[in-house]
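Student: Mind looking at a prediction? Sequence and model below.
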Amino acid sequence: MAKKKFSKAWVQRHIQDPYVKMAQQKGYRARAAFKLTEILDTEKLLRRGDVVVDLGSAPGSWSQVVRERLLAAGGAIDGRVLALDLLPMEPVAGVEFIQGDFREDAILAQLHARLAGRPVDLVISDMAPNLSGVASADSARIAHVCELALEFACAHLKPDGALIVKAFHGSGFSQIVQMFKQHFVRVVERKPKASRDESSETFLIGRGLKETAASRLAGRPDAPDADRSPRTDP
């Protein structure tokens, strides 16, 4: 990935950013950790014992948040966190990292071997494409990344599972929302406080696969025997 060039003004604002400072204090690798924290708190999506897959996980701040929330009283992780990224990621204790493209059969085979037939409770994706500045091209790239995460979720989530995906307002956003609504019973949009005001960034949360989407899971040769009973919070 090409290195980004930042202006002095951007660097100064970044240094003074309260979320950057809090991330440093808490040991998070990126301020994005607080975006996921707010979404999880608001939507009550994660509980101990869950299996979570983090797509596009590097540098690892979202995996760090999930790990913290799955920690039991004794310090062991009650659940599973599996992270995938094309880029390398520094180890996060208790997080199982697979480097590679999750669209490739070899990488999916590694994931399925680790899941050992167990369906996924939550898929999270903070992935974003490299943007060109050309609106039409960028809209297509954003939609493509969201669609990749959605397809992965439909193939691996348990019926009452959930998906969190980063998206951007602009041309094509309404089509992405409609795509989510075709597959999930409930779809909401959240812009966490840690998202900068001037950013078009937003997050879509889909909960509960519709029968048509869940049937993809049931039709897979390696599909787990997912419990279709409604999920209730403890």
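Tutor: Right, received. Where do you want to start? Residues are numbered from 1 along each chain as shown.
Student: okay, the longest strand anywhere in the chain in PDB with CA atoms only?
Tutor: Taking DSSP state E as the criterion, the chain has its longest strand at strand 157-168. Only the C-alpha atoms of strand 157-168 are listed here, as PDB (Å, rounded to 0.1, in the frame of the first residue of the first chain):
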ATOM      1  CA  LEU A 157     -22.900 -16.100  10.500                       C
ATOM      2  CA  LYS A 158     -25.300 -18.100  12.600                       C
ATOM      3  CA  PRO A 159     -28.900 -17.100  11.900                       C
ATOM      4  CA  ASP A 160     -29.100 -14.600  14.800                       C
ATOM      5  CA  GLY A 161     -25.600 -13.200  14.200                       C
ATOM      6  CA  ALA A 162     -24.600  -9.700  13.300                       C
ATOM      7  CA  LEU A 163     -22.300  -7.800  10.900                       C
ATOM      8  CA  ILE A 164     -20.700  -4.400  11.400                       C
ATOM      9  CA  VAL A 165     -19.300  -2.700   8.300                       C
ATOM     10  CA  LYS A 166     -17.700   0.600   7.600                       C
ATOM     11  CA  ALA A 167     -19.300   2.500   4.700                       C
ATOM     12  CA  PHE A 168     -19.300   6.100   3.400                       C
END
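Student: For that strand, which strands pair with it and how are they oriented?
Tutor: strand 120-125 (parallel), strand 201-209 (antiparallel) (DSSP bridges).
Student: State the next helix or strand along the chain beyond that strand.
Tutor: Later in the chain than strand 157-168, the nearest helix or strand by DSSP states H and E is helix 173-183.
Student: Check which residues of that next one are buried.
Tutor: 173, 176-177, 179-180, 183 (16 or more other C-beta atoms under 10 Å). Every residue, glycine included, has its C-beta placed from N, CA and C.
Student: So which of the residues you listed is the closest to residue 195?
Tutor: residue 173 (14.8 Å; C-beta to C-beta).
Student: Give me the contact list for stretch 58-68.
Tutor: 23, 27-33, 36-37, 40, 46, 52, 54, 57, 77, 81, 83, 85, 87-90, 92-95, 124, 126 (C-beta atoms under 8 Å, 6 or more residues apart in numbering).
Student: Contact partners for the closest residue to residue 185 other than its chain neighbours?
Tutor: Among residues not flanking residue 185 along the chain, residue 208 sits closest, at 3.6 Å (C-beta to C-beta, 6 or more residues apart in numbering). Each residue near residue 208 by C-beta under 8 Å, 6+ apart is listed here: 159-162, 184-186.
Student: distance of residue 208 from residue 123?
Tutor: Counting by C-beta to C-beta, to the nearest Å, the separation of residue 208 from residue 123 is 13 Å.
Student: Alright, calling it a day.
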